[in-house]
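**Q** Sequence unavailable; structure follows:
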């Protein structure tokens, strides 16, 4: 795992948009019409980046952009700051079409933020035959990243991939790798399945870090307990959120860790780690399981009928995992402040 490289940053230095400009950068964000994705899009666009929003509802997306311009001023967010393209992660054909459009329009991509997600609710199967949370939260983003990877590798600006995970990964079931579709168990009205997918996000991040070491940096982030609409699919989630609403973060603050991993010079010297509160945080022990991470990768490739080679990865993975074990930061305050499934 790369070290910090001697980079020193003040705690909230990354919030200075002038000092951490992104002028000329191309950033793809999925699920950018609401919540954390919308606030990340706002902030990164204000830094000068062109934001390609991958959203299901185009009409809503244009309304959101109009509202952002009214709030920030058109001179701060000119027309070229936002591009909207339709993306429905519950439809793999939509993922492929979105990727083809993006690849054609943007030969170079600097940052990919896999932000969109679904939380709990009744078990549903997509038209592609996969459990909906598994496909939206993991498999669709896995395919999207695969399809865009060559364009990302073209960036000369130390490209980054951010996967929005959650502290909920700590509630993942022990043996879900053998039940990715949650056919045997769909516990807590789907919350366990959501937790499983959030652990998948961390595994994906770690394998990406090993595979593209020195070429792409990758991050898994927990936004915190945030006042968003993610709970809308489940009464159980709504009840959980009611109990934590008073201590939940604003959507703006919920986007901070995503923004940090996108712009921070210190984060730019790290890869494959899990972040909460804009700092490296220790995930649950299963997140460090190299074998399970690679099994998920291989199974995802099989499901999608793609060839994303893992040749010579194992030695790198073991070496870097040993080196990275010293880099985790204790987060004793997380259990008090972040009771989140966001």
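**A** Perfect, I can see it now. Nothing here was measured: the structure is a model prediction, and the numbers come from that model.
**Q** how about low-confidence regions in the chain?
**A** Scanning the chain for pLDDT under 70 picks out 1-6, 188, 225-249, 312-342.
**Q** Where does the residue of it most remote from its centre sit: helix, strand or coil?
**A** Here the chain reaches farthest from its C-alpha mean at residue 75, the gap being 29.4 Å by C-alpha atoms, centre = their mean. When classified by DSSP: H, G, I helix; E, B strand; the rest coil, residue 75 comes out as coil.
**Q** Ramachandran angles for it?
**A** The phi/psi pair for residue 75 (degrees, to the nearest 10) reads phi -70, psi -30.
**Q** contacting residues for it?
**A** With contact set as C-beta atoms under 8 Å, 6 or more residues apart in numbering, residue 75 has no partners. In this view, the C-beta of every residue, glycine as well, is placed from N, C-alpha and C.
**Q** and it, how far is that from residue 51?
**A** Residue 75 sits 17 Å away from residue 51, going by C-beta to C-beta, to the nearest Å.
**Q** State the distance from the residue farthest from the centre of the chain to residue 16.
**A** Distance from residue 75 to residue 16, by C-beta to C-beta: 20 Å.
**Q** Also residue 286?
**A** 37 Å.
**Q** who has more neighbours, those two?
**A** Using other C-beta atoms under 10 Å, the more surrounded residue of residue 286 and residue 16 is residue 286, with 18 against 12.
**Q** and that one, backbone torsions?
**A** phi -60, psi -20.
**Q** from what I can see it touches residue 199, true?
**A** Yes: with contact defined as C-beta atoms under 8 Å, residue 286 reaches residue 199; the gap is 6.3 Å.
**Q** Mutual contacts of the two, please.
**A** residue 172.
**Q** residues near residue 270, how many?
**A** That count, for residue 270 with other C-beta under 10 Å as the rule, works out to 23.
**Q** Residue 272 contacts residue 205, correct?
**A** Yes: here residue 272 lies in contact with residue 205, judged by C-beta under 8 Å, at a distance of 6.1 Å.
**Q** overlap in contacts of those two?
**A** Shared between the contact lists of residue 272 and residue 205 (criterion: C-beta under 8 Å, 6+ apart) are residues residue 218.
**Q** and the gap between residue 68 and residue 86?
**A** According to C-beta to C-beta, residue 68 and residue 86 sit 19 Å apart.
**Q** So for the two, which residue has more residues nearby?
**A** Higher neighbour count among residue 68 and residue 86: residue 68, with 21 against 16, using other C-beta under 10 Å.
**Q** And the strands in the stretch 201-342 of the chain?
**A** Using DSSP state E, counting those that start in this stretch, the strands of the stretch 201-342 of the chain run over 217-222, 273-276, 279-280.
**Q** deepest of those, which one?
**A** Highest mean neighbour count among the strands of the stretch 201-342 of the chain (mean count of other C-beta atoms under 10 Å): strand 217-222, with a mean of 29.
**Q** for that one, the distance to its chain's centre please.
**A** Counting by C-alpha atoms, centre = their mean, to the nearest Å, strand 217-222 is centred 7 Å from the centre of its parent chain.
**Q** for stretch 22-32, same thing?
**A** For stretch 22-32 - counting by C-alpha atoms, centre = their mean - the centre lies 13 Å from the chain centre.
**Q** Tell me which other helices or strands the helix ranked longest in the chain touches.
**A** In the chain, with assignment by DSSP state H, the single longest helix is helix 191-211. Applying 3 or more C-beta pairs under 8 Å, 6 or more residues apart in numbering; DSSP states H and E, one finds that helix 191-211 contacts helix 132-134, helix 140-153, strand 160-164, strand 217-222, strand 273-276, helix 290-304, helix 313-324.
**Q** for the fifth one, packing partners?
**A** The elements that strand 273-276 packs onto, with contact taken as 3+ C-beta pairs under 8 Å, 6+ apart, are helix 191-211, strand 217-222, helix 256-263.
**Q** Out of these, which is closest to residue 292?
**A** Residue 292 sits nearest to helix 191-211 of all the helices and strands packed on strand 273-276, at 6.7 Å, using C-beta to C-beta.
**Q** in its sheet, what does the helix or strand where residue 28 lies sit against?
**A** Here residue 28, judged by DSSP states H and E, is contained in strand 26-30. Partner strands and pairing direction for strand 26-30 (DSSP bridges) are strand 50-55 (parallel), strand 111-114 (parallel).
**Q** Give the next helix or strand downstream of it.
**A** helix 35-46.
**Q** could you give the angle of the strand holding residue 28 to helix 35-46?
**A** Interaxial angle, strand 26-30 versus helix 35-46 (axes from the mean of the first three to the mean of the last three C-alpha atoms, to 10 degrees): 170 degrees.
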